[in-house]
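1. I need the structure of the sequence given here:
(chains A and B, ligands or ions: 1)
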Amino acid sequence: MTELIKTPRAGETLPVTAGKRTNPLANVFDELVRFAQSRSLFMLHYCTGCGAIELPPAMTSRFDMERLGIQPMVSPRQADILLVTGYVSVKTLKRVILTYEQMGSPKYVIGICSCTVNGGMYWQSYATAKKLNDYMPVDIYIAGCMPRPEAVIAGLRELMENIRQGKADSWKDYYRHYDHYLGHQQRLFGETWQTPTDVISEARHYGLFGPDTLGTHTALLEQHQKPLEALEMKVDIPELTARR
Amino acid sequence: MIELILMPLAAFVIGLAMVLMMRRIGARLQRRVGPPLLQPLWDIIKLHGKETQTSHGLIHEFGIVMAIGGFVAAVTLMPLPGMNGLAEQGGLIALVYMMMIPSLGLALGVGQCANPNGSIGISRALTAMLAYDIPMVIVIFGVAFFYGSTSLVQIIDAQQAGGFATWGIAEMPLLALAGLFAMQAMLGKQPFEIYVAPAEIATGPMVEMGGKFLGGLFIMQCFQLYAAGALYTLLFLGGGENWLTFLIKVFAVVAIPMSIAFLFPRYRTEDVVRLVWKWPAMIGLLGIAFLMY
Ligand code: SF4
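-> As a prediction, the model looks like this:
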């Protein structure tokens, strides 16, 4: 349980709780947990591009994703897979990254459509991010313009198989090579780019802090990064304050 | 003593099966196959096995414990075939109190997350509680009045004395109808799904819950389905003579709101209050009037 002292108050910086898995039996159940993880995937379908239209048929009666234990969820906190379905414009990519950082690990990213692989037919566009893999670690790409629901299901099955075998751990890359990913993000969004999530502290928390976590780009981030603060709770209605 | 451990355990296992049944019913109504047999269990194991457990502080965690604990306590007050637990000591009034604790616990926990969607969700959940508690209490009062006792054990004995003719549903059909109505609202199933509303407020109270918190809520859902089904069975269907009849009754009771749920869209919050205060409450009062004269 969280200690009372660590509860954030307004004006304080948010603490990052250190510590690893405390349950001594954790390793014994690893196999079971991995199997459960592969059999129960909550997906957050971030419908960025045209490929999103293939998800409804994959979910509904014809192809019925729920048979594989995959169901849609609406909040990044609850989700395991982030589906990026199609081209991501620079503006959207910011939100995709914010969403990705909110998700709880282990988390997986699936890039659907050719546009996430290499820009697809938007190769020469000034506003489209071409390779999703540059900005966040992608577990599975499902190529096609657009891929049919069968292909989506086949891709998901492959991801399930990888999870069961313990091979789908590219989310760890994000922490180990944060400098690399942040560099690409800064190239698109400018040097002052900052997300509310403190990825570096999180990397330490998971024990994933490596030689590539920090670098020139994180140094740039630290120069201007404002410490994360809990929001102050206040009512700001002029009529009310005037009456007081 | 051993019963106090076995009863929640039985409730959890039956609840898991009920969650599966609920999802299967939904799938069948949408002409799908639905999730595999152990899906609810895999979901819970996976959520507790997550590496990131984003906590928003002590009250956040305490709220979840309260939500599950309330139902665990409520379940020990409901006699099973061959197990009475605390039913002799507690009685109906204590049971009604226990069934309210989870909503309050959730309100506490979600409140600390400070997510606007969560706050809206929980305010709607408490409004819904305000709505369904009125007919619920009317129904429970009516049953207690009819049998002249608030002890569930005595109520069940009286119902089992003469077979179907002395079941609550045969003696007080109006109250049974009102109870069914209130149960639909209590389970938060469509059209009373105001506080989950995924497309509207991003699952409301659950929006900030990930990992073990969502896992806790999944466990709570198992208990909730079981508690609603068992309560209705105990009040109106003569409880369980043996495990077979008990399980058949409990599952049948829960299947009714589930099947109705997928046919309806969602009402607005104020419509829920208006509807629930009007129809089930009125039917319940009418039922009591019939009992009294
Ligand atoms: S690959 Fe084709 S279908 Fe997919 S997002 Fe790009 S243009 Fe659209």
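
2. Going by C-alpha atoms from here, please, whenever you check contacts or count neighbours.
-> Fine.

3. which other helices and strands contact the lowest-mean-pLDDT helix or strand in chain A?
-> Least confident helix or strand of chain A, by mean pLDDT, DSSP states H and E, is helix A:238-243 with a mean of 74. Helix A:238-243 sits against no helix or strand, with contacts defined as 3 or more Cα pairs under 8 Å, 6 or more residues apart in numbering or on different chains; DSSP states H and E.

4. how distant is that helix from the center of its chain?
-> Here helix A:238-243 is found 42 Å from its chain centre; the criterion is Cα atoms, centre = their mean, to the nearest Å.

5. Check stretch A:181-197 too.
-> The chain centroid and the centroid of stretch A:181-197 are separated by 15 Å, computed with Cα atoms, centre = their mean.

6. Now do the buried residues in it.
-> Under the neighbour-count criterion of 16 or more other Cα atoms under 10 Å in any protein chain shown, stretch A:181-197 has A:181-186, A:188, A:193-194 buried.

7. so for whichever helix or strand residue B:97 is part of, what's the average pLDDT?
-> In this structure, residue B:97 sits in helix B:87-113 according to DSSP states H and E. Mean per-residue pLDDT for helix B:87-113: 84.

8. tally of neighbours for residue B:132?
-> Neighbour count for residue B:132, taken as other Cα atoms under 10 Å in any protein chain shown: 28.

9. Okay, now the unreliable bits of the stretch 51-200 of chain B?
-> Of all residues in the stretch 51-200 of chain B, none has pLDDT under 70.

10. Might you report the residue contacts of the nearest residue to residue B:37 once chain neighbours are set aside?
-> In this structure, residue B:37 finds its nearest non-sequential neighbour in residue B:20, 7.1 Å apart by Cα to Cα, 6 or more residues apart in numbering or on different chains. Residue B:20 makes contact with B:35, B:37-40, according to Cα atoms under 8 Å, 6 or more residues apart in numbering or on different chains.

11. Helix or strand next in line after the helix holding residue B:97, which one?
-> Downstream of helix B:87-113 (by DSSP H and E), the next one is helix B:116-147.

12. do you know how far the residue nearest the centre of chain A is from residue A:197?
-> The residue lying closest to the centre of chain A (Cα atoms, centre = their mean) is residue A:100, at 1.9 Å. According to Cα to Cα, to the nearest Å, residue A:100 stands 10 Å off from residue A:197.

13. ok, residue B:252 to residue B:8 distance?
-> Relative to residue B:8, residue B:252 is positioned 20 Å away (Cα to Cα).

14. swap that for residue B:224, sorry
-> With distances taken as Cα to Cα, residue B:224 is found 11 Å from residue B:8.

15. Out of those two, name the residue with the larger neighbour count.
-> Comparing residue B:224 with residue B:8 by other Cα under 10 Å, the one with more neighbours is residue B:224, at 26 against 20.

16. Nearest residue to the more buried one in space, ignoring adjacent ones along the chain?
-> Once flanking residues are discounted, residue B:224 sits nearest to residue B:71: 6.8 Å by Cα to Cα, 6+ apart.

17. The one you found touches residue B:221, doesn't it?
-> No: applying Cα atoms under 8 Å, one finds residue B:71 not in contact with residue B:221, separated by 9.5 Å.

18. between these two, which one's more packed in?
-> Remark: of residue B:71 and residue B:221, residue B:71 carries more neighbours, 26 against 21, as counted by other Cα under 10 Å.

19. Just want the angle from the helix or strand hosting the more buried one to helix B:87-113.
-> Taking DSSP H and E as the definition, residue B:71 sits inside helix B:58-76. Here the directions of helix B:58-76 and helix B:87-113 differ by 160 degrees (axes from the mean of the first three to the mean of the last three Cα atoms, to 10 degrees).

20. May I have helix B:58-76 as PDB, with CA atoms only?
-> Taking C-alpha atoms only, helix B:58-76 is exported to PDB below (Å, rounded to 0.1, in the frame of the first residue of the first chain):
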ATOM      1  CA  LEU B  58      -4.000   5.700   0.300                       C
ATOM      2  CA  ILE B  59      -7.700   6.400  -0.100                       C
ATOM      3  CA  HIS B  60      -7.600   5.200  -3.700                       C
ATOM      4  CA  GLU B  61      -6.500   1.800  -2.500                       C
ATOM      5  CA  PHE B  62      -8.600   1.800   0.600                       C
ATOM      6  CA  GLY B  63     -11.700   2.600  -1.500                       C
ATOM      7  CA  ILE B  64     -11.200  -0.600  -3.600                       C
ATOM      8  CA  VAL B  65     -10.700  -2.700  -0.400                       C
ATOM      9  CA  MET B  66     -14.000  -1.200   1.000                       C
ATOM     10  CA  ALA B  67     -15.800  -1.900  -2.300                       C
ATOM     11  CA  ILE B  68     -14.900  -5.600  -2.200                       C
ATOM     12  CA  GLY B  69     -15.100  -5.900   1.600                       C
ATOM     13  CA  GLY B  70     -18.700  -4.600   1.700                       C
ATOM     14  CA  PHE B  71     -19.800  -7.300  -0.700                       C
ATOM     15  CA  VAL B  72     -17.800 -10.000   1.200                       C
ATOM     16  CA  ALA B  73     -19.500  -9.000   4.400                       C
ATOM     17  CA  ALA B  74     -22.900  -8.900   2.600                       C
ATOM     18  CA  VAL B  75     -22.300 -12.400   1.200                       C
ATOM     19  CA  THR B  76     -21.700 -13.900   4.600                       C
END
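
21. and for that helix, what are the contacting residues?
-> Helix B:58-76 has contacts (Cα under 8 Å, 6+ apart) with A:1-4, A:7, B:4, B:7-8, B:11, B:55, B:84-87, B:95, B:98-113, B:213, B:216-217, B:219-220, B:223-224, B:227.

22. Buried among these? Need that as a selection in PyMOL.
-> Per 16+ other Cα under 10 Å, the buried members of these correspond to this PyMOL selection:
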select buried, (chain A and resi 7) or (chain B and resi 4+7+8+11+55+84+85+86+87+95+98+99+100+101+102+103+104+105+106+107+108+109+110+111+112+113+213+216+217+219+220+223+224+227)
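
23. still on that earlier bit, from the contact counts, what lies against the helix holding residue B:97?
-> Contacts defined by 3+ Cα pairs under 8 Å, 6+ apart place helix B:87-113 against helix B:58-76, helix B:116-147, helix B:152-160.

24. For the residue nearest to the centre of chain A, grab phi and psi.
-> When quoted as degrees, to the nearest 10, the phi and psi of residue A:100 stand at phi -60, psi -40.

25. Could you do residue A:71 as well?
-> Torsion angles at residue A:71 (phi, psi; degrees, to the nearest 10) stand at phi -140, psi 150.

26. My guess is it contacts residue A:42. True?
-> Yes: between residue A:71 and residue A:42 there is a contact under Cα under 8 Å: 5.2 Å.

27. out of the two, which sits in the busier spot?
-> Neighbours were counted for residue A:71 and for residue A:42 using other Cα under 10 Å; residue A:42 has more, 21 against 17.

28. so does the helix or strand containing that one get close to the ligand?
-> Secondary-structure assignment from DSSP H and E places residue A:42 in strand A:41-46. No: Strand A:41-46 stays clear of the ligand (Cα under 6 Å from any ligand atom), getting no nearer than 12.3 Å.

29. Thanks again, I'm all set now.
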